[in-house]
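> Test case, fold it:
(one chain, ligands or ions: 2)
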Amino acid sequence: MIKAVLAIETSCDDTSVAIVSDGGWVQAVVSANQDLAHSPFGGIVPEIACRNHSLSLLPLVDQVFQQAQKNWDEIDGIAVTARPGLMGALIVGLVTAKSLSQAKEIPFIGVNHLEGHIVAPLLRDSTYQPPDDFSYPFLALAVSGGHTSLYQINAFSDYQVLGATLDDAAGEAFDKFGKSLGLGWPGGVKVDQHSQLGDVKAYDFPRSMIKEDSYAMSFSGLKASGQRMIESLEKHQIEKELANLCASYQEAIVDVLLAKLDRAVHKTKIQKAVITGGVSANSRLRKRAQEWAQKKNVQLVIPPLRYCTDNAAMIGYAGLLRLQRGEKSELDLGPSPNSWPTDFKGKGR
Ligand code: KG4
Ligand code: ZN
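Numbers count the residues shown, from 1 in each chain. Ligands and ions are numbered 1, 2, ... in the order given. Sure, this is the predicted structure:
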């Protein structure tokens, strides 16, 4: 019987370890953020991510046991992100998970990172739990620095891709804009903060594919338009207009995301939705999504920020559910930069 797992997440630039038990209860989650290491380069440097994962991972494993007040005897399996992600970064987590699994003689399971984001709203801890009546099927908008996808979640492990971005992820569009404005990296949270006092209608940024009769999205046009706008302004104008620029640009992203989610509700008649991934931390997206849900009578769940951004708790819950179904990975499981075709039904990821 699988009652609790140790979970490891190293797919990108956050090193995270968690202990998750039956029912999605998060016993503890500890993470090492690498933003400071990458920010001088204005983006994630894969080699630096790998090195930092290698340095942080085992100390975090010790720390999570301390924090959860558990020991190895209480751990029945190991969940680890196996795809999609940066190959070198994934290898660090996978090799560690395999080694621990061999040493402790417990099974391990490789998890799709996006499945982690999908189950994140179903996690529980002392201050968060999903609504009692929230159940399958539901719609999931997973929006992060690397992915922007809309799914129909029929049941655990039965995921239909409705649509995804054809080019850049929404988080990438946020980060590029923030970087060009000189707000540092990652820029999403900074753009969010500077937007607070801005006018969302001050500038007219493109909302690509918003009216198209599909779930496909595109943010590369917006990214280029933001870039051109910044280049056309003098430094003092950018400083003066910063709040308006950020608010208008952010609004374009939020408009597109909510239009596609709204379309999915109308077409599928599923009145339940979750928004997850790092960009779901965005305060404007949260506010407007709540207003939309109320107006359209949609039961909307957005997990707390600690489960929105990359974390091992979500990987732990996905892995726990898979191990409980009798699945396990073999030692020859390799990392993959992409999802496997069997992970999701439909086109895209
Ligand atoms: O899920 P996540 O932690 O990592 C990936 O899998 O990419 O998402 C990180 C992304 C970054 O692009 C970051 O700028 C964005 O989430 N982000 C935000 C906010 N907080 C994080 N974007 C907009 N507003 C925010 N408040
Ligand atoms: Zn993620």
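> interface residues of this protein facing ligand 2?
Taking C-beta under 5 Å from the ion as the criterion, the neighbours of ligand 2 within the chain are 144, 310. C-beta here means a position set from N, CA and C on the backbone, and glycine is covered the same way.
> Could you pull out the strands in the stretch 201-349 of the chain for me?
272-276, 299-301 (DSSP state E, counting those that start in this stretch).
> Please identify the most buried of these.
Among the strands of the stretch 201-349 of the chain, strand 272-276 has the highest mean neighbour count (mean count of other C-beta atoms under 10 Å), at a mean of 25.
> Which strands or helices does that strand pack on?
helix 113-119, strand 138-143, helix 235-268, helix 283-296, strand 299-301 (3 or more C-beta pairs under 8 Å, 6 or more residues apart in numbering; DSSP states H and E).
> Can you give me the neighbour number for the residue in the stretch 51-200 of the chain positioned nearest to ligand 2?
Of all residues in the stretch 51-200 of the chain, S144 sits closest to ligand 2, at 4.2 Å by C-beta to the ion. Counted by other C-beta atoms under 10 Å, the residues lying close to S144 total 25.
> Next: Q227.
14.
> quick one: it and G178 touch, right?
No. Judged on C-beta atoms under 8 Å, Q227 makes no contact with G178 at a distance of 11.9 Å.
> quick one, which of the helices and strands packed on strand 272-276 is nearest to P130?
Closest to P130 of the helices and strands packed on strand 272-276, according to C-beta to C-beta: strand 299-301, at 5.5 Å.
> Give the pairing partners of that closest one; include direction for each.
strand 272-276 (parallel) (DSSP bridges).
> name the helices or strands packed onto the helix or strand that contains N52?
Using DSSP states H and E, the element containing N52 is helix 46-68. In terms of contacts (3+ C-beta pairs under 8 Å, 6+ apart), helix 46-68 is packed against strand 4-9, strand 14-21, strand 25-33, helix 35-38, helix 87-104.
> and among the ones you listed, the most buried is which?
strand 4-9 (a mean of 30).
> how much distance is there from it to the middle of the chain?
17 Å (C-alpha atoms, centre = their mean, to the nearest Å).
> Enumerate every residue touching the residue lying closest to L123 once chain neighbours are set aside.
Closest residue to L123 apart from its sequence neighbours, by C-beta to C-beta, 6 or more residues apart in numbering: G24 at 4.8 Å. Each residue near G24 by C-beta atoms under 8 Å, 6 or more residues apart in numbering is listed here: 119, 122-124, 317, 320.
> Out of these, who's the most crowded?
Busiest of the contacts of G24 [other C-beta under 10 Å] is Y317, holding 31 neighbours.
> what's the burial count for the spatially closest residue to the residue of the stretch 51-200 of the chain closest to ligand 2 that is not a sequence neighbour?
Nearest-residue entry for S144: G277, 3.6 Å, with adjacent residues in sequence omitted and distances by C-beta to C-beta, 6+ apart. Using other C-beta under 10 Å, G277 has 28 other residues around it.
> Same question for E212.
Neighbours of E212 (other C-beta under 10 Å): 14.
> Let's check: the centremost residue of the chain is which one?
G277 (2.6 Å; C-alpha atoms, centre = their mean).
> Surely the residue nearest to S144 and A140 touch.
No. Using C-beta under 8 Å, G277 is not in contact with A140, being 9.4 Å away.
> got any residues that touch both of these two?
H117.
> May I have the residues that are in contact with the closest residue to T276 other than its chain neighbours?
Residue nearest to T276 in three dimensions, not counting chain neighbours: H117, with 4.6 Å by C-beta to C-beta, 6+ apart. Under the criterion of C-beta under 8 Å, 6+ apart, the neighbours of H117 are 140, 142, 144, 147, 276-277, 314.
> Which two among the residues you listed are spaced furthest apart?
Most distant of the contacts of H117, by C-beta to C-beta, are H147 and M314, 13.6 Å apart.
> And those two? Which one has more around it.
M314 (36 against 23).
> I figured the more buried one was touching G116, is that so?
Yes. Counting by C-beta under 8 Å, G116 is a contact partner of M314 at 3.7 Å.
> Need the overlap of contacts for the two.
In contact with both M314 and G116: E9, using C-beta under 8 Å, 6+ apart.
> number of nearby residues for the closest residue in space to P46 that isn't next to it in sequence?
In this structure, P46 finds its nearest non-sequential neighbour in L86, 4.9 Å apart by C-beta to C-beta, 6+ apart. Using other C-beta under 10 Å, the number of residues around L86 comes to 22.
> what sits against L86?
Here L86 is in contact with 11-12, 44, 46, 49-50, 337 (C-beta under 8 Å, 6+ apart).
> among those, who's most crowded?
S11 (31 neighbours).
> and it, what is it in contact with?
Taking C-beta under 8 Å, 6+ apart, one finds 81, 83-86, 89-90, 93, 113, 310 in contact with S11.
> Tabulate those in a markdown table, adding columns for pLDDT.
Shown next, in a markdown table, are the contacts of S11 (pLDDT from 0 to 100):
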| residue | pLDDT |
| --- | --- |
| T81 | 98 |
| R83 | 97 |
| P84 | 96 |
| G85 | 95 |
| L86 | 95 |
| A89 | 97 |
| L90 | 98 |
| G93 | 98 |
| H113 | 96 |
| D310 | 94 |
